[in-house]
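> sequence and predicted model, in that order:
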Amino acid sequence: DIAVELLQKVAPSPIRRLQKKYVSHVSREACISPCSMMLALVYIERLRHRNPEYLQQISSSDLFLISMMVASKYLYDEGEEEEVFNDEWGAAGKVDVQTMNTLEMNFLSAIDWSLYTDPRELFEVLSWLEG
């Protein structure tokens with residue numbers, strides 16, 4: 001509920017507006033971990049401050065999908081045993097792989113490839129969520 005509300009607020013486009021049913025579906029299909037969710041929220045907050053123009057151009061559903069994928073890749077993609085594939089995320093989010101690739105490149109560009117997160121940032125988001 002909190003993620004849906006936050007994403008609808010930061011990415012207000014009425015096109016592909018994020019719905020709880022979609023979040024539930026993608027979360028189950030992609031096995032989104034709580035850590036990935038937290039990191040994705042950090043990225044979204046970072047974008048809100050550094051690149052609000054990007055958030056005006058992307059739908060809340062696409063922002064949810066791509067932020068979760070990038071966070072999962074950052075945390076878990078070792079490149080051998082535990083790989084994260086764009087086509088699998090696309091299938092979970094009901095978009096084609098070309099769209100996923102474009103979303104990923106646009107997201108990384110918008111966040112200036114700044115994916116490392118100090119643990120303090122995670123705890124700030126956690127505190128905000130718990131409040």
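Yep, it's here.

> got the contact list for the residue nearest to the spatial centre of the chain?
Central residue of the chain (Cα atoms, centre = their mean): residue 67, 1.5 Å from the mean position. Residues near residue 67 by Cβ atoms under 8 Å, 6 or more residues apart in numbering: 40-41, 43-44, 107. Yep, even glycine has a C-beta here, placed from its N, CA and C like the rest.

> okay, and it sits in which element?
Applying DSSP states H and E as the criterion places residue 67 in helix 60-76.

> got the buried residues for that helix?
Within helix 60-76, the residues scored as buried using 16 or more other Cβ atoms under 10 Å are 60-75.

> which residues sit against the next helix or strand along the chain from it?
Downstream of helix 60-76, the first helix or strand assigned by DSSP H and E is helix 86-93. For helix 86-93, contacts defined as Cβ under 8 Å, 6+ apart pick out 22, 25-26, 29-30, 61, 65, 68-69, 72, 96-97, 99-101, 104.

> please save the CA atoms from helix 86-93 in CSV.
Output of helix 86-93 as CSV, limited to C-alpha atoms (Å, rounded to 0.1, in the frame of the first residue of the first chain):
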residue,chain,number,x,y,z
ASN,A,86,15.4,-8.5,-18.2
ASP,A,87,13.1,-10.8,-20.1
GLU,A,88,12.1,-12.5,-16.8
TRP,A,89,11.3,-9.2,-15.3
GLY,A,90,9.5,-8.1,-18.4
ALA,A,91,7.3,-11.2,-18.2
ALA,A,92,6.6,-10.5,-14.6
GLY,A,93,5.6,-7.0,-15.4
